[in-house]
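Enquirer: I would like to see how this sequence folds:
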Amino acid sequence: MDVARFAHGEKEVAWLTQAVPEDLKADAKHNFKRVAAPGWTSEPAAEFQLLPGDKPLRKFDVTHEQTAWKRADGAVTLQFTPKGAEAGGQDSTGIMKLAVPATMPKSGKKAKLRILAPRTGRQRWFGIYHYP
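Expert: Okay, here's the model as predicted:
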């Protein structure tokens, strides 16, 4: 698992998605899914930032509840669905799903997604699990 932490030097996680289908309809949404783990809910709130490539897309925080964050124009949704708790209820593991307009990703190509954690001195963290 790659982890971004607010308190340490590991402030970013990045990964390549599966290739985007070439036959996306222009009015459709495309979903990127990944197993994720946010943690340390007892720490003060702090926002992670999701970026496809180098463009900021959405900010979000640690949660143990099913939560959806929408971009102001409603075109992008980031959803976390928890599947289990860890570390005495401080951390959770679940599915992170990013839904974007079909015009955003390049069809037939992999997309690079990044999560940034600004250095705030807090202990909150966000991790992405590796899988083929």
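
Enquirer: what's the first-to-last distance across stretch 44-54?
Expert: For stretch 44-54, the first and last residues are 27 Å from each other (Cα to Cα, to the nearest Å).

Enquirer: Strands of this protein, start to end?
Expert: Secondary structure of the chain by DSSP state E: the strands cover 2-5, 12-16, 29-39, 48-52, 58-60, 67-70, 77-86, 91-101, 112-116, 125-128.

Enquirer: Please report the distance of the residue of the chain positioned farthest from its centre from E43.
Expert: Within the chain, D23 marks the point farthest from the mean C-alpha position, 24.7 Å out by Cα atoms, centre = their mean. Taking Cβ to Cβ, to the nearest Å as the measure, D23 falls 44 Å from E43. Glycine gets a C-beta too; all of them are placed from N, C-alpha and C.

Enquirer: which residues of the chain score low on pLDDT?
Expert: The chain contains residues with pLDDT under 70 at 8-10, 53, 87, 132.

Enquirer: Apply 90 and report the result again.
Expert: Low-confidence segments of the chain (pLDDT under 90): 1-28, 37-65, 70-76, 83-93, 101-112, 114-126, 130-132.

Enquirer: OK, contacts around the closest residue to P44 other than its chain neighbours?
Expert: Setting aside the residues directly before and after it, P44 is nearest to R122 in space (Cβ to Cβ, 6 or more residues apart in numbering), at 5.7 Å. Residues in contact with R122 (Cβ atoms under 8 Å, 6 or more residues apart in numbering) are F6, A7, W40, E43, P44, A46.

Enquirer: From P82, how far off is R122?
Expert: From R122 over to P82 (counting by Cβ to Cβ), the distance is 21 Å.

Enquirer: Could you do K109 as well?
Expert: Per Cβ to Cβ, K109 is found 31 Å from P82.

Enquirer: Repeat that for V3.
Expert: Counting by Cβ to Cβ, the gap from V3 to P82 is 17 Å.
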